[in-house]
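**Student:** Any chance you could fold what I've pasted below:
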Amino acid sequence: PRLANLSSKVEDIVRVLAFERFLTAGDLLPPVGFATDEEYLGAVMALASDLQRYGLGRATVRDSGSVRAAARLVGEVLGFLMSMDFRNGPLRRKYDGVKYSLKALETVLYELAVTGGEVA
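**Tutor:** Modelled structure (predicted):
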């Protein structure tokens, strides 16, 4: 284990790097050497809420392509995470947040389609 709250700070750094990777390449940051598996998974799960906020912001300017890209990546993350067994604990709560983020993005895509946001 890391000292004090260093794990949460490493998780934050990985989350920021993962968001930057999404913005520049449109995909998920692969595991990084300085983070443990648990820190990486925590960061990826936290990224889902960042992508949800990003998608909501892009929806306000009717950018359905960006919302779709965010929903696609969150869906891929959820698909991967579903193969894991998370017992009760911090990663389980974050996993539940990923499911909520995907549902919220899907709702935004639906609302854009209903209101003429050209979602395909």
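**Student:** if you count residues, which helix in the chain comes out on top?
**Tutor:** If you go by DSSP state H, the chain has its longest helix at helix 90-114.
**Student:** can you pull the contacts of residue 97?
**Tutor:** Applying C-beta atoms under 8 Å, 6 or more residues apart in numbering, we find residue 97 in contact with 45-46, 48-49. Backbone N, C-alpha and C define where each C-beta goes, glycine included.
**Student:** Quick check: it vs residue 81, distance?
**Tutor:** As for residue 97, its distance to residue 81 is 11 Å (criterion: C-beta to C-beta, to the nearest Å).
**Student:** residues in contact with the closest residue to residue 104 other than its chain neighbours?
**Tutor:** Distances taken as C-beta to C-beta, 6 or more residues apart in numbering put residue 52 closest to residue 104, at 5.2 Å, once the chain neighbours are dropped. When contacts are counted by C-beta under 8 Å, 6+ apart, residue 52 touches 70, 74, 101, 104-105.
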